[in-house]
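*Asks:* let's see this in three dimensions:
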Amino acid sequence: MEQKRGQPGPDPALDDIVADADTGGRAPHDALGRRALWVIPLCWSIYQLWIASPLPFMVGFVWNDTQTRAIHLGFAVLLAYLAFPGYKGAPRHHIPALTWVIAIVAAIAASYLWWDYRGVANRTGNPNTVDLIMAGIGLILLLEAARRSLGIPLMAVALFFLSYVFFGSWSGLPEVVQWKGASFEKAMSHMWLTTEGVFGVALGVSSGFVFLFVLFGSLLNQAGAGNYFLKLAFAALGHLRGGPAKAAVIASAATGLISGSSIANVVTTGTFTIPLMKKVGFPATKAGAVEVSSSINGVLTPPVMGAVAFLMTEYVGISYVEVVKTAIVPAAISYFALVYIVHLEALKMGMTGTSRMHPVKFILGAIFIIAISIVIAGGTLFLTGVIVGAIGSAFGGASLWVIVAIMLAAYVAAVRYAAQGEDLAMSLESMEHLPPTKEIFKTGIHYLMPILLLMYLLMIERKSPGLSAFWSTIAMLFILLTQNPLKAYFRGEGNVMGHISEGISDIAEGMIAGARNMIGLAAAMGVAGIIVGAVTLTGIGQVMAEFVEFLSGGNLLAMLFFVAVISIILGMGLPTTANYIVVSSLMAGVVVELGSQAGLIVPLVAVHMFVFYFGIMADVTPPVGLASFAAAAISKGDPLKTGFQAFFYSIRTALLPFLFIFNTDLLLIDVGPVQAIFVFIFALIAMLLFAAGTMNYFMVKSRLYESAILLIAAFVLFRPGFFLDQISPEFETRPATEIFQMAEVAPDDASLRVRLVGENLNGDPIDARFLLPLGPAGEEGIARLSSGAGIEFRQEDDGGIFVDNLEFGGPSEQLGIDWDWELVELEVAADRMPKEIFYIPALLLVLIVFLLQRRRQTDQPEEAFA
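*Replies:* Have a look, this model is predicted:
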């Protein structure tokens, strides 16, 4: 049987891993079961495309957000029961009658807010018996759907929070965590009948655009893009020393565009990369660990970030473009460092390659290629915007059709170019006998077009993520339908209609795969809503802050360390999106509150990135590192050893959050284009030095003091302001009465650093610093504070400045500021020498190590080559 394009070779064990983790392990043999698991996912995908399209508005058939979320969850729980067996010994080749009954009841309860929306809305705050029964049944069956599709961890966390909701007043609990508890009616109303719980922001993001991005990735993979990116990475890097491992890193970065699941990343690329790594000499545990570390980074890499990028826009309140900008440098330097770690491992193991490229040349070449790629991509997007604007001016109302015609012509030209070569095969053997990189590149240029379209709509046109994903998905549907017929026509093969039929089949399979990939994700979003609802209902976030403050004793670094550890624990066993929702709901507020009291003020997006990074580290960390178990199943290595090795490789990822909390330049916050280039270059050098220090290998095997010097140099390059702060204060104080004047003259996108004192709701004294964002320049100071930070101040007769009003849900309220707190002083950046001056001694330290090792290298000439 011919292998499906873009899919790995058959391996039942790996298929089971992916099915159990992502799509469902049940494959019915009976006609009803097969049709159900074909038709229902297909209908779900069609439904999501329908509500994302302009068609409902054109025909006047529009549901509100709550109703669309209910239908979305109804599909998810129905498929969770039908596609995922309930226990290990449950039948996989047919769907039991009882499962059908439970699945239908679950779908009815989940979609209750759709089919009785008006009744529930009219009874807001006063639910009837049917409302409460539906809510109770729905909640229980949603938890079971999550257990089936995601395993026990997420369900267990949700049950823990539900127990706290109902039994928080139990006398056996410590007094500090006790609360009055909630009745069944209050809890069900909050969790199920409003948008504060299950049907809140998380499920709205899942229904609104996460599904579309998952569907886009599935269609891209169905078209053959996954195969294309993997082959391209191997052709470019496979000939280097440790080439298969380096290719694994790059291939996982590319598949991060397609998959938001670290487990799926491991299995998709690891099926080919891990055996080849073992073949060139990597031990099983290290081969698996490289793949795990690469796949975890794929989830942290823009533009999708495992769908977290879109959740972050909602939770932090910034644009999608800002989220991508903050995430790009840490992700990029982390990938470079992993490639370098692989290179050092290859050197330590004495591996050889067909290419004798010097490591410095390799790194500089890689930076140059990536920089050129970014410039080309950015230039293409910018030029496209200019051309589209010119066409709009020239053709007016007909401009859309002109643009479509140009895109069609470009697509046909790209497919014609691809048809000049053979389609890429997908097999382990073919990875060792690849055609030249240029030949591989031309076979998939048309796959880049929908990705560029997506980026153009998001970043140039600034369309919503949902609308951008919709039009990009439509483009992918068109490519799946036409690419094979066009190739057959250009090659003179005939049978064009047969290829059209094949394209329709590919579309159906891609849409079904996309929907089945969403089952666990949508269930996770719903269950995460339970956790968020429990946090908002009980106020446990304040309890977490007090707990961390107790553990850390008020020390800032200790506080961040405990937040990191708790985030890893909370993230264990959770899928990416649920992971982010849980850790951000519980821990982001802790960092903001305790950090502000210790003088640490950073933008909210930096805090969310901090907890997200450590939540994702749970996928690596034993004993629950699911990605490590998937890699071990391929490598036949020990899962725990693989996990510990992957954690060691990922230390660089764990280091980054601490660094960008203290140096937000790494997130490109308030950084101009030229400065951004310097930040990237020196952060990259610092990360490579950190990798060399921890691997105890630079030019040759390092001595202990040489590794220590490299680590010190890396720290200085990462945080050049640390030593300057010891010499000269970073901020100067200004009287509180100057706040309105300073707000008025501040430039666009500026913030004011303020110190406030007061009491919290418990009567505890607060003395903390906050960063207040300002509205557009040109307004009065009072107006800029109100529009930007959602805060108003009043000035007393004695000159005191006090918080007079807070916008509900605004930035200031999210920071934890309260009414009647007094503004004590303002802080402005001090006039002092540039912190970058400390780059000089850091680079001199590196030069010393370089010269020391260069002298020893004369006895090991081969070590100079990659």
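*Asks:* what's Val198 in contact with, if anything?
*Replies:* Taking C-beta atoms under 8 Å, 6 or more residues apart in numbering, we find Val198 in contact with 73, 138-139, 142, 191-192, 526-527, 529-530, 533. Backbone N, C-alpha and C define where each C-beta goes, glycine included.
*Asks:* confirm Lys546 sits in a helix?
*Replies:* Not quite, residue 546 is Glu, not Lys. Yes - Glu546 forms part of a helix when assessed by DSSP: H, G, I helix; E, B strand; the rest coil.
*Asks:* how is the closest residue to it other than its chain neighbours assigned, secondary-structure-wise?
*Replies:* In this structure, Glu546 finds its nearest non-sequential neighbour in Val176, 6.2 Å apart by C-beta to C-beta, 6 or more residues apart in numbering. Following three-state DSSP, Val176 is assigned to helix.
*Asks:* just the contacts of Val198: which are in helices?
*Replies:* Taking DSSP state H, the ones among the contacts of Val198 that sit in helices are 73, 138-139, 142, 191-192, 526-527, 529-530, 533.
*Asks:* show me which of those is closest to Ser293.
*Replies:* Of all those, Ser293 sits closest to Val527, with 28.0 Å by C-beta to C-beta.
*Asks:* drop anything exposed from the ones in helices among the contacts of Val198.
*Replies:* 73, 138-139, 142, 191-192, 526-527, 529-530, 533 (16 or more other C-beta atoms under 10 Å).
*Asks:* mind putting the residues you listed in TSV, pLDDT included?
*Replies:* Converted to TSV, those look like this (pLDDT from 0 to 100):
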residue	pLDDT
Leu73	95
Gly138	95
Leu139	95
Leu142	95
Met191	92
Trp192	93
Gly526	90
Val527	89
Gly529	87
Ile530	90
Gly533	88
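*Asks:* give me the distance between the residue nearest to Glu546 and Val565.
*Replies:* Per C-beta to C-beta, to the nearest Å, Val176 is found 20 Å from Val565.
*Asks:* between the two, point out the one with more neighbours.
*Replies:* Val565 (13 against 10; other C-beta atoms under 10 Å).
*Asks:* tell me who's in contact with that one.
*Replies:* Counting by C-beta under 8 Å, 6+ apart, Val565 touches Phe614.
*Asks:* just the element for it, please.
*Replies:* helix 556-571 (DSSP states H and E).
*Asks:* next: Asp748.
*Replies:* Taking DSSP H and E as the definition, one finds Asp748 inside no helix or strand.
*Asks:* check contacts around the residue most central in space within the chain.
*Replies:* With distances taken as C-alpha atoms, centre = their mean, Met305 lies nearest the centre of the chain, 2.4 Å away. If you count contacts by C-beta under 8 Å, 6+ apart, Met305 has them with 260, 299, 312, 323, 327.
*Asks:* which one of those is nearest to Ser169?
*Replies:* Closest approach to Ser169 among the contacts of Met305 (C-beta to C-beta): Met312, at 34.7 Å.
*Asks:* how many neighbours does that closest one have?
*Replies:* Counted with other C-beta under 10 Å, the neighbours of Met312 add up to 26.
*Asks:* nearest residue to it other than its sequence neighbours?
*Replies:* Val323 (4.9 Å).
*Asks:* which residues does the one you found contact?
*Replies:* Here Val323 is in contact with 302, 305, 309, 312-313, 316, 605 (criterion: C-beta under 8 Å, 6+ apart).
*Asks:* now for these: which two are most distant?
*Replies:* Pro302 and Val316 (14.7 Å).
*Asks:* looking at these two, which is more packed in?
*Replies:* Neighbour totals were compared for Pro302 and Val316, and Val316 leads with 22 against 19 (other C-beta under 10 Å).
*Asks:* picking that back up, for the helix holding Val565, what is the average pLDDT?
*Replies:* The pLDDT scores in helix 556-571 average 86.
*Asks:* what do you get for stretch 845-861?
*Replies:* The average pLDDT for stretch 845-861 rounds to 81.
*Asks:* okay, that stretch in PDB with CA atoms only?
*Replies:* What follows is stretch 845-861, C-alpha atoms only, in PDB (Å, rounded to 0.1, in the frame of the first residue of the first chain):
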ATOM      1  CA  LEU A 845      36.900  37.100  29.600                       C
ATOM      2  CA  VAL A 846      35.800  35.000  26.600                       C
ATOM      3  CA  LEU A 847      39.000  36.000  24.700                       C
ATOM      4  CA  ILE A 848      41.100  34.800  27.600                       C
ATOM      5  CA  VAL A 849      39.400  31.400  27.600                       C
ATOM      6  CA  PHE A 850      39.700  31.300  23.800                       C
ATOM      7  CA  LEU A 851      43.400  31.900  23.900                       C
ATOM      8  CA  LEU A 852      43.900  29.400  26.700                       C
ATOM      9  CA  GLN A 853      42.100  26.700  24.800                       C
ATOM     10  CA  ARG A 854      43.600  27.600  21.400                       C
ATOM     11  CA  ARG A 855      47.000  26.800  22.900                       C
ATOM     12  CA  ARG A 856      45.900  23.400  23.900                       C
ATOM     13  CA  GLN A 857      44.100  22.800  20.600                       C
ATOM     14  CA  THR A 858      47.300  22.400  18.700                       C
ATOM     15  CA  ASP A 859      47.500  18.900  20.100                       C
ATOM     16  CA  GLN A 860      43.900  18.200  18.900                       C
ATOM     17  CA  PRO A 861      43.700  19.800  15.400                       C
END
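*Asks:* pull the distance from it to the chain's centre.
*Replies:* Centre-to-centre, stretch 845-861 and its host chain are 40 Å apart (C-alpha atoms, centre = their mean, to the nearest Å).
*Asks:* ok, the nearest residue to Phe561 once chain neighbours are set aside - contacts?
*Replies:* Spatial nearest neighbour of Phe561, chain neighbours left out: Ser552 (7.7 Å); criterion: C-beta to C-beta, 6+ apart. Neighbouring residues of Ser552 by C-beta under 8 Å, 6+ apart: 558-559, 561-562, 594.
*Asks:* kindly reformat these as a markdown table containing neighbour count and distance to Gly60.
*Replies:* Formatted as a markdown table, the contacts of Ser552 follow (neighbours: other C-beta atoms under 10 Å; distance: C-beta to C-beta, whole Å):
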| residue | neighbour count | distance to Gly60 |
| --- | --- | --- |
| Ala558 | 14 | 59 |
| Met559 | 23 | 54 |
| Phe561 | 15 | 56 |
| Phe562 | 20 | 54 |
| Leu594 | 23 | 51 |
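*Asks:* pull the most distant pair out of those.
*Replies:* Spatially, the most separated pair among the contacts of Ser552 is Phe561 and Leu594, at 12.1 Å (C-beta to C-beta).
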